[in-house]
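Undergrad: Here is my input; please provide its structure:
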Amino acid sequence: MGLTNKKEEQLRKMPLIESRVMKSKDGKYIVHKTTITTIRPVAYFEKVLENEGIVEDSEITDLIKSAEL
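TA: Here you go, the predicted structure:
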């Protein structure tokens, strides 16, 4: 059973997540490194930066409360 075109498109838009586990040089620790790679058009970031503003704590609290409902 193959994937639908819509599902394939959704998977292409998802970030690439890479995970590596290695031992530290001295051998005392395990290092777990996760890299998340996303690809976005430059226009997306320009728009985000253009609309940059200060978010008040009360706004964040309101968003959290509305999400819990």
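Undergrad: On the three-state scheme, residue 2 is what?
TA: At residue 2, secondary structure determined by DSSP: H, G, I helix; E, B strand; the rest coil is coil.
Undergrad: Please tell me how far it sits from residue 58.
TA: 49 Å (CB to CB, to the nearest Å). No exception for glycine: its C-beta is placed from N, CA and C like everyone else's.
Undergrad: any idea which element residue 7 lies in?
TA: helix 5-13 (DSSP states H and E).
Undergrad: Report the distance from that helix to the chain centre.
TA: 17 Å (CA atoms, centre = their mean, to the nearest Å).
Undergrad: same check, this time on stretch 5-22
TA: 11 Å.
Undergrad: what's the first-to-last distance across it?
TA: 37 Å (CA to CA, to the nearest Å).
Undergrad: Below-threshold pLDDT in this protein: ranges please.
TA: Counting by pLDDT under 70, the chain shows low-confidence ranges at 1, 54-55, 69.
Undergrad: Let's see that with 90 instead.
TA: 1-3, 7-15, 38-69 (pLDDT under 90).
Undergrad: Run the chain-centre distance for the helix of greatest length in the chain.
TA: Secondary structure assigned by DSSP state H gives helix 57-68 as the longest helix of the chain. In terms of CA atoms, centre = their mean, the centre of helix 57-68 is set 21 Å apart from its chain centre.
Undergrad: Likewise for stretch 45-61?
TA: The answer for stretch 45-61 is 17 Å, by CA atoms, centre = their mean.
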